[in-house]
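Enquirer: Below are the sequence and a predicted model; questions follow.
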Amino acid sequence: MANRITLDELKSYLWQSAVLLQTNIDAGAYKQYIFPLMFFKRICDVYDEETKNAIEKYGDDIDIFPERELHRFVIPKGHHWNDVRQVTEDVGAAIVSAFREIEKANGEKMVGIFGDGAWTNKNRLPDRLLRDLLEHFSSRNLSLENCPEDELGQGYEYLI
């Protein structure tokens with residue numbers, strides 16, 4: 001568990017995301033942007049962790065299992081964190097598209113989970129800032145092994 005994030009590291013990580021937003025977003029609205037990105041990163045990292053574990057367990061037979069048996073959440077093709085991270089223009093639209101497709105693919109368990117932030121408002125969230133946020137969040141792996149649920153919850157409480 002060499003990559004495990006300590007609570008202090010998680011708090012610093014979340015705080016740094018707020019620092020990136022400070023000149024563009026009112027402090028009271030930070031959570032409207034930080035939490036959806038953190039959750040998006042988390043579910044993609046958990047999805048990747050589950051994929052790795054399934055490959056280790058089932059090898060080439062992984063293809064015979066429906067995705068819902070291997071994963072807690074469905075991440076539609078083209079809407080994974082790494083896909084959005086590759087976008088250089090209209091980043092906000094790519095984020096919104098990923099959020100909505102993930103919500104749709106997961107039915108009622110994720111309805112509205114990403115909120116309704118103004119991701120496509122380039123005056124408040126220019127592409128450069130969104131790319132910086134994506135890169136910042138990409139600096140840590142938020143898988144279950146690296147960041148247990150209780151620590152993620154404590155980090156969430158800290159930022160509120």
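Expert: Structure's in. What do you need?
Enquirer: okay, now residue 125: neighbour count?
Expert: As a burial measure, residue 125 scores 21 neighbours (other C-beta atoms under 10 Å). From N, CA and C alone the C-beta is placed, and that goes for glycine too.
Enquirer: Actually, residue 53.
Expert: Residue 53 has 13 nearby residues by other C-beta under 10 Å.
Enquirer: Residue 81 contacts residue 40, correct?
Expert: Yes. Using C-beta atoms under 8 Å, residue 81 is in contact with residue 40, at 6.2 Å.
Enquirer: shared neighbours, those two?
Expert: Listed as contacting both residue 81 and residue 40 by C-beta atoms under 8 Å, 6 or more residues apart in numbering are residue 98.
Enquirer: out of everything not next to it in sequence, what's closest to residue 82?
Expert: With sequence-adjacent residues excluded and distances taken as C-beta to C-beta, 6 or more residues apart in numbering, residue 82 is closest to residue 44, at 7.3 Å.
Enquirer: Let me know the helix or strand that the one you found is in.
Expert: According to DSSP states H and E, residue 44 maps onto helix 30-58.
Enquirer: Show me which parts of that helix are buried, residue by residue.
Expert: Across helix 30-58, burial judged by 16 or more other C-beta atoms under 10 Å covers 30-50, 54.
Enquirer: follow-up on the earlier one: give the contact list for the residue nearest to residue 82.
Expert: If you count contacts by C-beta under 8 Å, 6+ apart, residue 44 has them with 75, 80, 81, 82.
Enquirer: before we move on, what about residue 98?
Expert: Here residue 98 is in contact with 40, 79, 80, 81, 83, 84 (C-beta under 8 Å, 6+ apart).
Enquirer: do residue 114 as well
Expert: For residue 114, the contacting residues are 36, 39, 40, 99, 100, 102, 103, by C-beta under 8 Å, 6+ apart.
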